[in-house]
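Undergrad: please work out how this folds:
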Amino acid sequence: MSKGESEGIPIVQRSYDLCVSLYRHVNRFPRAQRGLLGRVILDDALQMLTVLTVATRRTARTETLEEASGRLDALRIGLRLGKRLGFLSNGGYEELSGVTDEVGRMLGGWLKHETTGDARDRGGWPGARGAPYAGTSLPTPKSIAEQKPRVGGVRYTMTSPTIERYLRLKLQHPQAIVFVTLGAFCQTFFEDAVACGQALRVAVRDVAAGSESEKILTCGIPKAKLDHYIVLLRRGGREVHVE
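TA: This next block holds a predicted model:
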């Protein structure tokens, strides 16, 4: 496949469009933050674009696509931080989140396509035949998909102190799964929680308050068993940071 062909693949093109939009928005960040949070956001987006382009040239793509998925998760965290800290306007966040979600649906469909064993029969990459996987949802751990609505318990908003603690740590350790300590448990949130749910087979719950428009996913690990779970995550190639 030529370079021109790979650039024509819808997921690669939309990722490229996302990078262009990100440059425009990051240039509006405060000067000091352009080289801090702005640099992290742009680096994750560019690395994702590079990895997706590489994936179009490979026969075995699952590992490469999972790397792209990790970069996309980190990018989402960066965008949330940018909005929370006031560097991104509501309109800018909605614009970037819309494209990010579109790329996520395509990537989720591509991963599902690869892992079901159909890739060889369908051309092996999104857009090879027919429309891309734009209508396919992201892979969701069984523990999330089948959970019943939670009654009672702690509920969070994006401005809750615990969420702010997590986001500050995530800014300092963007490539790691970050845990914050809450009593006898250590908790992680958002895409980190999804990663833990998949890797550790632990329950992942939506603990967003009713006033929140987005889900706030979390999973908790007992402090007494934390060392064991950290070993499992690191064996899977994940970095871990505990508050």
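Undergrad: could you pull up phi and psi at the residue most central in space within the chain?
TA: In the chain, the residue lying closest to the centroid (C-alpha atoms, centre = their mean) is residue 73, at 1.5 Å. Its backbone dihedrals place residue 73 at phi -60, psi -40, with angles given as degrees, to the nearest 10.
Undergrad: tell me the spacing between the closest residue to it other than its chain neighbours and residue 20.
TA: Leaving out its chain neighbours, the residue that sits closest to residue 73 by C-beta to C-beta, 6 or more residues apart in numbering is residue 191, at 3.6 Å. Any C-beta I mention is one placed from the backbone N, CA and C, and that applies to glycine too. The spacing between residue 191 and residue 20, counted by C-beta to C-beta, to the nearest Å, is 23 Å.
Undergrad: which of the two has more neighbours?
TA: Neighbour count, other C-beta atoms under 10 Å: between residue 191 and residue 20, residue 191 has more, with 20 against 10.
Undergrad: now do the helix or strand where that one lies: distance to the chain's middle.
TA: Under the assignment given by DSSP states H and E, the secondary-structure element containing residue 191 is helix 190-200. Here the centre of mass of C-alpha atoms in helix 190-200, compared against the chain's by C-alpha atoms, centre = their mean, to the nearest Å, lies 10 Å away.
Undergrad: then stretch 230-243?
TA: Chain-centre distance of stretch 230-243: 17 Å, with C-alpha atoms, centre = their mean.
Undergrad: what residues does that stretch touch?
TA: 165, 169, 172-173, 175-181, 186, 195-196, 199-200, 226 (C-beta atoms under 8 Å, 6 or more residues apart in numbering).
Undergrad: start and end of that stretch, how far apart?
TA: With C-alpha to C-alpha, to the nearest Å as the measure, the first residue of stretch 230-243 is 13 Å from its last.
Undergrad: buried stuff in it?
TA: Across stretch 230-243, burial judged by 16 or more other C-beta atoms under 10 Å covers 230, 233, 238, 240, 241, 242.
Undergrad: which of the residues you listed fall within helices?
TA: Where the buried residues of stretch 230-243 overlap with helices, as defined by DSSP state H, the overlap consists of 230, 233.
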